[in-house]
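> Show me how the following folds:
(chains A and B)
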Protein chains: 2
Amino acid sequence: MSKRSAPPTARVGLVGAGQLARMSHQAAIGLGVQVVALGSAADSAAGAAGARLIEGSGHDAGDLRALAEAVDVVSYEIEHVDLDALEALAQEGVVVRPHPRVMRLAADKAHARAEFVRLGFPVPDHTLVDDAQQLAAAGDTLGWPLVLKTPTGGYDGRGVWVCDDLAEATGVLEQVGRTMLAERLVAIDREIAVIVARRPGGQVATFPVLRTYQEDGICREVVAAAGDAEPAAVALAERLAEAVGLEGLMAVELFDEGGELLICELALRPHNTGHLSIDGCVTSQFEQHLRAVLDWPLGDPALVAPAAAMVNVLGPADGGDPARGLPDALAVPGAHVHLYGKAPAAGRKLGHVNATGPDPDTALATARAAAEALA
Amino acid sequence: MSKRSAPPTARVGLVGAGQLARMSHQAAIGLGVQVVALGSAADSAAGAAGARLIEGSGHDAGDLRALAEAVDVVSYEIEHVDLDALEALAQEGVVVRPHPRVMRLAADKAHARAEFVRLGFPVPDHTLVDDAQQLAAAGDTLGWPLVLKTPTGGYDGRGVWVCDDLAEATGVLEQVGRTMLAERLVAIDREIAVIVARRPGGQVATFPVLRTYQEDGICREVVAAAGDAEPAAVALAERLAEAVGLEGLMAVELFDEGGELLICELALRPHNTGHLSIDGCVTSQFEQHLRAVLDWPLGDPALVAPAAAMVNVLGPADGGDPARGLPDALAVPGAHVHLYGKAPAAGRKLGHVNATGPDPDTALATARAAAEALA
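This next block holds a predicted model:
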């Protein structure tokens, strides 16, 4: 009997080494896949879980090349990376999935809005603004209040302002000091997300529609119910995956305004709204992402129960570690705790709790009870 | 925001670094627990998955001490270790769970048989034999054919012989050259296993009864059905956990002979028969083991579907790597593939496939289809 280990079946590089890479690594273990994460060794949630870490930055072309040389396929856990460098690597023949060209749809909201319009997908009315005069014109067209967004670099509610009037909006624009996206304030009835996986050959699998609840722009709770087929949302996400040539995983965040669906934004990687799939679906979004970028058959994304829920665990205001409440959280029957091993800080995403149940309210109550024990 | 990672919530040492430690590490990630495995770096399934590895042997007292110094609690993934050294560490105050005294019930079949009899638990009739004369007497009492077992060191069918007559048995005894356990050949109607977890404080949680199918002494397939309550088997396992003072996880393998249950053997750690719990139960046996030895509230062991099944993936006769069939296995809807990252060899346990379903046959058919793709 050989005394060497078997080589991994495949090596997937992820730009970024946070909690998404951590959970990708966890999912990769069963497949015999090696996840190699590019990030900082300090405070790497993926490294702490034993993923192979390449120390470096997704903004450094040399570090991206080092990652590419260590793996079979390069993918992402974040979009704020040097996409020009990745595009150059792709031109050299490195397999990068999704293609950096597609990844720009997640990295640049202005570019994405233009592409969605070009491809015939519904988005909120919007325009780009550089100065007070353009802002005034935008206000006349889009109405007040209106929403100002930085086209790049925002996340978890950062880079988004709802402005009541021209004076407030002008102040934000001056403070930010660069071109911004001005957008009609949508009268949101519901926020939902659809996560779809697509292989290079075209096979598509779509997770159950996710109802998402945000607070201060941060995802706090998500539920899914097997009964909510929502064919319009699923069809929109699948058409978009096809239209952009997705190779990997895509989360489409949608506003429902009086029954009309509008694209809010895209993520082209595993997404916070899909965490309930770890315990709530036959195949988790993390395993599905690996399958898709490796061009392997996609897994069944169906729920394993009538409903599933997720509640995020944010760092408590006192800066304490939610893990101090772990035994109490584990005492909640049916709660699945996922901690990220990150240094605690107030408001920081440090973990989440999943649960399933006979209906969304019951699943949510279970997840909340455990999440509260971690607060 | 701090740039250091949060420390793990707890560190669990495992003596052994194979696939059980690998899957323990995978389960530990969500809890923020660090698994530290003691074993050889070469061919360590746990190390390949990113568990922290202490290079050394479970037979070396110094290595066991090094493990103890790195963790909050010492536990096991194998029983063939230096239990005297662990007992000495426990006397010094090291937390070792289960206690090495209890672990001897898994390591020494002769000792275990004597203990079960003393505690009033049912076992097949048996006696110890040292020579042909004692063998002849055992044959008169127990009948022919009879079973000879080495009291220590056997696993996966090794160390067990079914002997048709005195001549054959004498040959085995001479070849083995040490005291053996002679046992009546049980007319097995069914083989089942019950996995029970018990916290130091006494909380007990028992997994659904597992129907196991062996071939050449190696576990090949396991099914569980929510309808099979089997109160007698569950009660026996729970009484035994209490009687031996279990702190951790215990798998009780039972023979069913005409409706009478007899203890075949014990494992005091996660067990091959419990692998279906990863995808088939609310809480996996690996997470449950961690909870139990950390004295944390136990999780719900119930099935998430009416039935669940597991099929082992053994190395094919040609010595090839089952992972070559991975894409085909992933094409089977609902199959959950678990590869161990071990060097392939014919007959070696290299992975398993789990599935759930509306009934045991359907679940088993799914798992078999994927396992066959990996053969």
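> Hmm, A:Pro145 is touching A:Leu166, no?
No. The criterion here is C-beta atoms under 8 Å, and A:Pro145 misses it with A:Leu166 at 10.6 Å. For every residue, glycine as well, the C-beta is placed using N, CA and C.
> so which strand or helix has the residue in chain A that chain B sits nearest to?
At 1.9 Å from chain B, A:Gly50 is the closest residue in chain A, using C-beta to the nearest C-beta. Element membership for A:Gly50, per DSSP states H and E: none, as it lies in no helix or strand.
> So it sits against B:Arg22, correct?
No. The pair A:Gly50 / B:Arg22 is not scored as a contact, 10.2 Å apart, by C-beta under 8 Å.
> Just give the nearest non-adjacent residue to the residue of chain A closest to chain B, would you?
B:Gly50 (1.9 Å; C-beta to C-beta, 6 or more residues apart in numbering or on different chains).
> residues contacting that neighbour?
By C-beta atoms under 8 Å, 6 or more residues apart in numbering or on different chains, the contact set of B:Gly50 is A:His25, A:Ile29, A:Ala49, A:Gly50, A:Ala51, A:Arg52, B:His25.
> farthest pair in these?
A:Arg52 and B:His25 (14.2 Å; C-beta to C-beta).
> more neighbours, the two?
Taking neighbours as other C-beta atoms under 10 Å in any protein chain shown, A:Arg52 and B:His25 compare with B:His25 leading, 30 against 18.
> Doesn't that one belong to a strand?
No. Under DSSP: H, G, I helix; E, B strand; the rest coil, B:His25 falls outside any strand and is assigned helix.
> which neighbours do A:Gly50 and B:Arg22 share?
B:Ala49, B:Ala51.
> centroid residue for chain A?
A centroid search over chain A (C-alpha atoms, centre = their mean) returns A:His271, at 2.6 Å, as the residue closest to the centre.
> That one and A:Ile195 touch, don't they?
Yes. Here A:His271 reaches A:Ile195: they are 6.3 Å apart, a contact under C-beta under 8 Å.
> Would you mind listing what in the stretch 51-200 of chain A touches chain B?
The stretch 51-200 of chain A comes close to chain B at residues A:Ala51, A:Arg52, as judged by C-beta under 8 Å from any C-beta of the partner chain.
> Please enumerate the helices of the stretch 51-200 of chain A.
Taking DSSP state H, counting those that start in this stretch as the criterion, the stretch 51-200 of chain A carries its helices at A:61-70, A:83-92, A:100-107, A:109-119, A:132-142, A:166-176.
> Quick one: those helices as JSON lines, columns for mean neighbour count too.
Formatted as JSON lines, the helices of the stretch 51-200 of chain A follow (neighbours: other C-beta atoms under 10 Å in any protein chain shown):
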{"stretch": "helix A:61-70", "mean neighbour count": "18"}
{"stretch": "helix A:83-92", "mean neighbour count": "17"}
{"stretch": "helix A:100-107", "mean neighbour count": "21"}
{"stretch": "helix A:109-119", "mean neighbour count": "17"}
{"stretch": "helix A:132-142", "mean neighbour count": "16"}
{"stretch": "helix A:166-176", "mean neighbour count": "15"}
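> Now render those helices as CSV, adding mean pLDDT.
Below are the helices of the stretch 51-200 of chain A laid out as CSV (pLDDT from 0 to 100):
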stretch, mean pLDDT
helix A:61-70, 98
helix A:83-92, 98
helix A:100-107, 96
helix A:109-119, 95
helix A:132-142, 96
helix A:166-176, 95
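> burial count for the residue nearest to A:Gly357 when sequence neighbours are not counted?
Leaving aside its sequence neighbours, A:Gly357 sits nearest to A:Ala363 (C-beta to C-beta, 6+ apart; 3.4 Å). When neighbours are defined as other C-beta under 10 Å, A:Ala363 has 28 of them.
> from what I can see A:Ala363 touches A:Ala369, true?
No. In this structure, A:Ala363 is not within contact of A:Ala369 by C-beta under 8 Å, at 11.1 Å.
> Tell me the confidence at the nearest residue to A:Glu55 once chain neighbours are set aside?
Excluding the flanking residues, the one nearest A:Glu55 by C-beta to C-beta, 6+ apart is A:Ala41, at 5.1 Å. We have a pLDDT of 86 for A:Ala41.
> How about the contacts made by A:Ala41?
By C-beta under 8 Å, 6+ apart, the neighbours of A:Ala41 are A:Gly47, A:Leu53, A:Glu55.
> ok, now A:Gly56?
A:Gly56 neighbours (C-beta under 8 Å, 6+ apart): A:Leu38, A:Gly39, A:Gly62, A:Asp63, A:Leu64, A:Ala66, A:Leu67.
> Next up, the contacts around the fifth one.
Think A:Leu64. A:Val15, A:Leu38, A:Gly56, A:Gly58, A:Val74, A:Val81, A:Asp82, A:Ala85, A:Leu86, A:Leu89.
> Which of these fall within strands?
Of these, the ones assigned to strands by DSSP state E are A:Val15, A:Leu38, A:Val74.
> and the last one, what are its bridge partners?
Translated: A:Val74. Note on A:Val74: beta-bridge partners A:Gly13, A:Val96, judged by DSSP bridges.
> Verify the stated contact: it with A:His99.
No. Taking C-beta under 8 Å as the definition, A:Val74 is not a contact partner of A:His99, at 10.4 Å.
> quick one, which of the two is more surrounded?
More crowded of A:Val74 and A:His99, by other C-beta under 10 Å: A:Val74, with 25 against 20.
> OK, contacts around the more buried one?
A:Gly13, A:Val15, A:Leu64, A:Leu67, A:Ala68, A:Leu86, A:Leu89, A:Val94, A:Val95, A:Val96, A:Arg97.
> can you rerun that using 7 Å?
Neighbour list for A:Val74: A:Gly13, A:Leu67, A:Ala68, A:Val94, A:Val95, A:Val96 [criterion: C-beta atoms under 7 Å, 6 or more residues apart in numbering or on different chains].
> and if you look at A:Glu79?
A:Glu79 makes contacts with A:Met103, A:Ala106, A:Ala107, A:Leu268, as judged by C-beta under 7 Å, 6+ apart.
> Distance of A:Lys149 relative to A:Ala182?
8 Å (C-beta to C-beta, to the nearest Å).
> the more surrounded of those two?
Taking other C-beta under 10 Å, A:Lys149 and A:Ala182 do not tie; A:Ala182 has more neighbours (23 against 19).
> Assess the claim that that one and A:Leu142 are in contact.
Yes. Taking contacts as C-beta atoms under 7 Å, A:Ala182 lies within contact range of A:Leu142: 6.3 Å.
> Sounds good, over and out.
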